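S.K.: Fold the following.
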Amino acid sequence: MPGANNYPRKDLKDIQVKAKRPPKDMEETPEVPKAVTLPGDIWQIGSHRVICGDSTNQDTIQKQLFEGRTTSLVFTSPPYDNQRSYKIGSINWTDLMKGIINAIPAEEITQVLINLGQVHREHEWQPYWTDWLQWIADPERADRWRRFGLYIWDQGTGLPGDWNGRFAPSFEFLFHFNRKERRPNKIVRCTSAGDAVPIDKKGGLREKDGIQGSKWSHAGTKVQEWRIPDNLVRINRQATSGLERGHPAVFPIGLPEFIIKAYSEPGDIVYEPFAGSGTTLIAAENTGRVCYASELAPEYVDIICRRYMRMFPNGAKPTLTGHGDFFDVANGRGIEVPDDAALYRVGTGTKRREEINTLEAFL
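M.R.: Numbering: from 1, shown residues only. Below you'll find the model as predicted:
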């Protein structure tokens, strides 16, 4: 998984930068002070596409971004109610999510997985999703979605702190919607792979009398090498620092990678309506899928382009039809873009301080 630390230990001690400290690993990107991207721009990044536009607008998504294509999987992590400060201003969360769902260019077997976390106000956790969940599965709606699954994202050890008397948070939810089920891929290795299953092995759900009466369908065979995932997804939270300077809510690449592997095939189009810093697009690149993404804030679209170029230096450059690549567009629009790669060169403490001082002028 991407994210190797490229700073020598001695350099970390030499560089005395706090509020403007450069990012530590390849999952982090500094913020652009003025956006290269303009509303309506569509960046082609290899096979991926990113539009700077409104994910609730059906024409923007279905016609401009997808150009009539459909998606087999939607994975996203929208704002948790109005908990954080984004560049899009205040929102009506329920209306926002209704618009997002209505704009999905879905096919019959499209799976939609949405990451949501708890929000607390007035000493109580808020079920801010209630009205939306009732609407999405309303039997009176011809285009309803089934509330198919509810999973837990186990983020690892709880964060330090008092948390106002509550246990430290270490999980979030994954809501799963569909109109037709699709069997998940077997992506989790079995710990007992190759071992023989006893011929009389029983299991499955218990009957009303509490007895597991059904015989395992693979009794008498060997344990398979791979199995489908549990409904408890164990992936550590984003552990790095720096990227939040560009976006207020970052999740680990491993989370969308896991979902993408489970519910899509190589070459499939994965849709991300809240592209943010481009984590789902990075995950799609890592897994051989195609990501079509929408992001309303031009600053975040810039971060997606720059982050991709830094993580995949030999990959395709983001291009804007009729305008050239990202740097051509920046030059044409009179915007100077920092050389992100310089932040990750290995050199002496003095040399690195000089490079970072130069780059800091842009941050």
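
S.K.: C-alpha only now, for contacts and for neighbours.
M.R.: Will do.

S.K.: which helices and strands does the longest helix that the chain contains pack with?
M.R.: Ranked by residue count and defined by DSSP state H, the top helix of the chain is helix 298-311. Taking 3 or more Cα pairs under 8 Å, 6 or more residues apart in numbering; DSSP states H and E as contact, the helices and strands that helix 298-311 lies on are strand 48-52.

S.K.: buried stuff in the strand it packs on?
M.R.: Going by neighbour count (16 or more other Cα atoms under 10 Å), the buried part of strand 48-52 is 48, 49, 50, 51, 52.

S.K.: Quickly find the element holding the nearest residue to the first one once chain neighbours are set aside.
M.R.: Leaving aside its sequence neighbours, residue 48 sits nearest to residue 291 (Cα to Cα, 6 or more residues apart in numbering; 5.0 Å). Residue 291 is part of strand 290-295, with elements assigned from DSSP states H and E.

S.K.: neighbouring strands for that strand, and are they parallel or not?
M.R.: Here strand 290-295 has these sheet partners by DSSP bridges: strand 48-52 (parallel), strand 269-272 (parallel).

S.K.: May I have stretch 106-124 as CSV, with CA atoms only?
M.R.: As requested, C-alpha coordinates have been extracted for stretch 106-124 and formatted as CSV (Å, rounded to 0.1, in the frame of the first residue of the first chain):
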residue,chain,number,x,y,z
ALA,A,106,-27.0,3.2,-12.2
GLU,A,107,-27.4,-0.2,-13.9
GLU,A,108,-29.5,-3.1,-12.6
ILE,A,109,-26.8,-4.6,-10.5
THR,A,110,-25.2,-1.4,-9.2
GLN,A,111,-24.0,-1.5,-5.5
VAL,A,112,-23.9,1.6,-3.4
LEU,A,113,-21.8,1.7,-0.3
ILE,A,114,-21.7,4.9,1.8
ASN,A,115,-19.4,5.5,4.8
LEU,A,116,-21.0,7.6,7.6
GLY,A,117,-19.9,8.4,11.1
GLN,A,118,-21.6,9.5,14.3
VAL,A,119,-22.3,13.1,15.1
HIS,A,120,-22.9,14.4,18.6
ARG,A,121,-24.8,17.5,19.7
GLU,A,122,-26.2,18.5,23.0
HIS,A,123,-24.6,15.5,24.6
GLU,A,124,-26.5,13.0,22.3
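
S.K.: What's the first helix or strand after the longest helix of the chain?
M.R.: Using DSSP H and E, the helix or strand that follows helix 298-311 towards the C-terminus is strand 319-320.

S.K.: helices or strands up against that following strand?
M.R.: strand 42-45, helix 326-332.

S.K.: at 7 Å instead, please
M.R.: The contact analysis (3 or more Cα pairs under 7 Å, 6 or more residues apart in numbering; DSSP states H and E) places strand 319-320 against strand 42-45.

S.K.: Need the residues that contact the strand it packs on.
M.R.: The list of residues contacting strand 42-45 from outside it, by Cα atoms under 7 Å, 6 or more residues apart in numbering, reads 49, 50, 51, 52, 316, 317, 318, 319, 320.

S.K.: That strand: partners in the sheet, and parallel or antiparallel?
M.R.: For strand 42-45, the pairing partners within the sheet under DSSP bridges are strand 48-52 (antiparallel), strand 319-320 (antiparallel).

S.K.: And the helices in the protein?
M.R.: Secondary structure of the chain, counting by DSSP H: helices at 9-14, 58, 93-102, 130-136, 254-263, 279-287, 298-311, 326-332, 349-360.

S.K.: for the fifth one, packing partners?
M.R.: Of the remaining helices and strands, those touching helix 254-263 by 3+ Cα pairs under 7 Å, 6+ apart are helix 279-287.
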